[in-house]
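> Need a 3D model of the following:
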Amino acid sequence: MNKIIISALIILIIFSFSQSVISSSRVELETGVNLGEGAGEIADIIADKLNGQAFLILYEAMEVSEFENEVVSTIMFLYEEDDQIYLYNLPLRTFLDTEDAQKIAREVNGHLDTDYLRMNLGYFIDVIDLYGGIEVETAEGIRSMDSEAADSYLKSGLYDEYPLDHRVRQENLINGVIQRMSNYDGNPDFLESLSILYSGAQRIDSNLGFLGKSLLGIRFINYGFENIEFYQPAPENY
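Sure, this is the predicted structure:
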C-alpha cells in the first residue's frame, strides 16, 4: 500500500519542477492562450519531440485561494518507446482553467484524442492522519501538520499568507509525506488507507473509468520508476 501511495506522490512531485524562460510561442499563437513567461517555448519543443505520440496527458490541478475553481499549473505528456516511458514536463508560468489547459495539451499532441488524468494532491491529503501527521519545511521553519493543517497550508500558506510559492508548498508537503511514510514503523489501517485511495481516485477527472485508472496504475508499477525518464526542455532563451 505504501508503494502505491508513494508512487502517486512521486508523480505529483515531478510536476513541481519548473524553470522560467522568455520567448514567443507557436502553441500560444495557435490557441490564443498565454502560458506565462517562457512556458510557450517549452510547449513548442515538446510538440516537436512528441509528434502526436503521447499516450497519456496528466494535468496537475490545484486549489488556490484566489480562484473559485481548481486551476492547472503543470501539464505532462507521457510517451512510450523501447520499454521505457518518457515524461515530458510543461511547467506553466500562470494558472489555467481546465478548458484552456486542454486546448494547450491538444495543440501540443497534434490534435489527437488522448487519455488524460487531472489530479490534485488534496484528493489524498487525509492519508497524513493515518501516519500521525508529518513534518513540513516552511518559510518559518519546520512545522508539524495533520491533514487539516496541511490542506490549509497547501491552499493558503501559513496564516493565510504566501511565505512560499504554491508549487514550493506542494513540493514540501509531498516530501514530508514521503519521509514520514518511509520512516514509519507501524501499519496504518489497511481499510482506511484503501478508502482514502479509492475516494481520491474517484475524484480524479479522466476520460478513463475506474478500471482504466487501475490498469494504468498497474502499468506504471510494472514498469518501475527506474524505467520512467523525466524530461523538461531547456530552450535557447533559458
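
> the helices in the chain, which residues?
Taking DSSP state H, the helices of the chain run over residues 2-15, 26-31, 39-50, 98-108, 127-130, 147-156, 166-183, 190-203, 210-223.

> domains for the chain, by residue range?
According to automatic domain parsing, the chain comprises the domains 2-122+204-231, 123-192.

> okay if I get these as JSON lines plus mean pLDDT and mean neighbour count?
To be clear about C-beta, it is placed using only N, CA and C from the backbone, and glycine gets the same treatment. Putting the domains of the chain into JSON lines (pLDDT from 0 to 100; neighbours: other C-beta atoms under 10 Å) gives the following:
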{"stretch": "domain 2-122+204-231", "mean pLDDT": "80", "mean neighbour count": "17"}
{"stretch": "domain 123-192", "mean pLDDT": "77", "mean neighbour count": "16"}
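
> related to what we said a few turns ago, between the helices of the chain, which one is nearest to Gln232?
Comparing the helices of the chain by their distance to Gln232 (C-beta to C-beta), the top pick is helix 39-50, with 7.0 Å.

> Give me the distance between the closest one and the centre of its chain.
Distance of helix 39-50 from its chain centroid, counting by C-alpha atoms, centre = their mean, to the nearest Å, is 18 Å.

> And stretch 127-143, by the same measure?
20 Å.

> What of stretch 114-121?
8 Å.

> Run through who's touching it.
For stretch 114-121, contacts defined as C-beta atoms under 8 Å, 6 or more residues apart in numbering pick out 8-9, 12, 54-63, 70, 72, 98, 102, 105-106, 154, 170, 173-174, 203-208, 212-213, 216.

> in the chain, which strand has the most residues?
For the chain, the longest strand by residue count, based on DSSP state E, is strand 84-96.

> Partner strands of it and their direction?
Strand 84-96 has the following strand partners under DSSP bridges: strand 71-81 (antiparallel), strand 228-231 (parallel).

> Next, format these as TSV and append distance to Asp115.
Shown next, in TSV, are the strands paired with strand 84-96 (distance: least, C-beta to C-beta, whole Å):
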stretch	distance to Asp115
strand 71-81	9
strand 228-231	17
